[in-house]
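K.L.:
Structure of the sequence below:
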Amino acid sequence: LGDPHRRAGLGDGGSGMTRNGLFVLGGIAGASVLSFGVYAMKYEVERLDRHAAALQRDITRQEQTLHVLEAEWSYLNQPERLQELSDRHLGLAPVPVRRIGALDELPFRVAAQPAKGRDPLLRLLPPASPAQAAPVVK
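P.N.:
As a prediction, this is how the structure comes out:
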């Protein structure tokens, strides 16, 4: 019936490894790669968890600081306190009614007239001396 090694599944006589052996070796290699991936993923997740916890602690600390600053702002902006500081340091007085007027009572400024013969935009430039002027070609 043929070669006894073939019937026992020991290969084709001298090729070294059988098909079943290759499957087993491939399975072991695949399992090794997968186990390494799971191992690396586990430690990456732990690192990310530590980072997330640190961020959460930082957020909590900043929220507490914000609450303190809001309380200080509320205290510093109390109208009574601001009025007392204004009276003490600024010496402001109410504006008398006679100093309040209408807009049409304000004098208007007279606009400066441009120099004769010069473009209004060129009046912003200093006048050129005769030595700098270009000769006129006729």
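
K.L.:
any idea of the mean pLDDT in stretch 42-57?
P.N.:
Along stretch 42-57, the predicted confidence averages to a pLDDT of 96.

K.L.:
neighbouring contacts of that stretch?
P.N.:
Under the contact criterion CB atoms under 8 Å, 6 or more residues apart in numbering, stretch 42-57 has no outside partners. Quick note: C-beta positions are derived from backbone N, CA and C, even for glycine.

K.L.:
Where in the protein is the helix or strand with the lowest mean pLDDT?
P.N.:
helix 4-7 (a mean of 54; mean pLDDT, DSSP states H and E).

K.L.:
which element follows it toward the C-terminus?
P.N.:
Using DSSP states H and E, the next helix or strand after helix 4-7 towards the C-terminus is helix 19-76.

K.L.:
quick one, the next helix or strand after that next one and helix 19-76 angle?
P.N.:
Toward the C-terminus, helix 19-76 is succeeded by helix 79-89 as the next helix or strand (DSSP H and E). Here helix 79-89 runs at 60 degrees with respect to helix 19-76, directions being taken by axes from the mean of the first three to the mean of the last three CA atoms, to 10 degrees.

K.L.:
Other residues contacting helix 79-89?
P.N.:
75, 92.

K.L.:
Rounded mean pLDDT for it, please.
P.N.:
Helix 79-89 comes out with an average pLDDT of 91.

K.L.:
That helix: which residues count as buried?
P.N.:
Residues of helix 79-89 classed as buried under the neighbour-count rule (16 or more other CB atoms under 10 Å) do not occur.
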